[in-house]
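just a sequence and a predicted model for now, questions to come.
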Amino acid sequence: MIVVVCVKQIPDPADPGALDPETRTLRRDAKLILDESDSYGVEMGLQLVDAAGEGEVRLVSMVPRGEVSGLRTALAMGAESAVLVSDEALAGSDALSTAKVLARAIQRCEPDLVLTATESSDGYTGTVPVQIAELLDLPSVTFGKEIVVTDGVATVKRQTEDGYDEIECPLPAVVSVTAGVVEPRYPSFKGIMAAKNKTVDVLDLAELGIDPGTVGWAGARQEITDIAEAPARDAGEIIVDEGDAHERILAFLDDLKVL
Ligand SMILES: Cc1cc2nc3c(=O)[nH]c(=O)nc-3n(C[C@H](O)[C@H](O)[C@H](O)COP(=O)(O)OP(=O)(O)OC[C@H]3O[C@@H](n4cnc5c(N)ncnc54)[C@H](O)[C@@H]3O)c2cc1C
């Protein structure tokens, strides 16, 4: 079974860089790392291949400057190879252009299953996974928390506010994976060393057969019209125990629907 996992490489949240005042997009000129959201998809892919007893995880990423640091992390976890799309003409790509490029790269990997995160951590729209599915004419399942593959059918538990739906869909399909549903493994020393020799195919737009005029700034149909500082978080509520703290904590958790 070939599981393709889309992995976005993002600025390190500990040092996220700055927004470009003219284009209002995130500057991505420092080192990029594996988006933590995508580490769950990588882990789930590896577990599915293990359960199938055959196959491999292949990665697909689109990024400026041919950056591979984040990909190497996912390869060190156990993915077998990667396709990286990088081309100057991709600067300014909106979500749909990103999906078009990823879809074309995914096609080359001949996947049985495509995994993504539900949304990325840096500039998230949460729209790329369903756009990829539409462009590839594949079924799409979102918010997957558990996936079992049997005889070419994926049974997916799809997280909802109250619990989960159970969905069956034929493969190949695109499933977005909710953060926190599996425990991503730490790359071992052996994995890190092995990752250095794994294949990363770096492709430009010409090699993917994509017209540069349809992506990047030239093809963008979305425009970022304004940006604002995120509001500071409210101070939390301090509950002083006067004999009823447990009841007030339960009521608080109940309001959040986490019980
Ligand atoms: C007008 C405009 C200009 C922009 N210009 C730039 C720019 O110059 N440079 C720039 O870096 N960004 C730019 N962006 C942001 C960029 O479009 C988004 O980061 C990109 O479209 C992905 O969307 P998302 O993060 O919302 O993905 P989401 O839909 O939130 O992502 C869901 C999942 O899809 C997968 N995925 C998403 N993107 C990638 C990727 N690149 N590679 C692999 N998997 C992926 C991942 O699994 C991810 O977790 C621009 C956006 C707009 C609207």
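All right, it came through fine.

all helices of the stretch 101-250 of the chain, in order?
Secondary structure of the stretch 101-250 of the chain (DSSP state H, counting those that start in this stretch): helices located at 128-136, 189-195, 205-208, 216-219, 245-255.

those helices: which one's closest to R104?
Evaluated over those, closeness to R104 peaks at helix 205-208, with 4.7 Å, by C-beta to C-beta. Glycine gets a C-beta too; all of them are placed from N, C-alpha and C.

alpha carbons of the closest one, as CSV, please.
Coordinates of each C-alpha in helix 205-208 appear next as CSV, following Å, rounded to 0.1, in the frame of the first residue of the first chain:
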residue,chain,number,x,y,z
LEU,A,205,6.8,23.6,-12.5
ALA,A,206,8.0,22.6,-16.0
GLU,A,207,8.7,19.1,-14.8
LEU,A,208,5.2,18.9,-13.4
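
mind listing residues that contact that helix?
Under the criterion C-beta atoms under 8 Å, 6 or more residues apart in numbering, residues 85, 87, 89-90, 101, 104-105, 211-212, 215 lie in contact with helix 205-208.

one more time with 10 Å, if that's ok
Residues from elsewhere that reach helix 205-208 (C-beta atoms under 10 Å, 6 or more residues apart in numbering): 83, 85-90, 100-101, 103-105, 107-108, 201, 211-216.

so how do I select the buried members of those in PyMOL?
Selection of buried members from the contacts of helix 205-208 for PyMOL, criterion 16 or more other C-beta atoms under 10 Å:
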select buried, resi 83+85+86+87+89+90+100+101+103+104+105+215+216
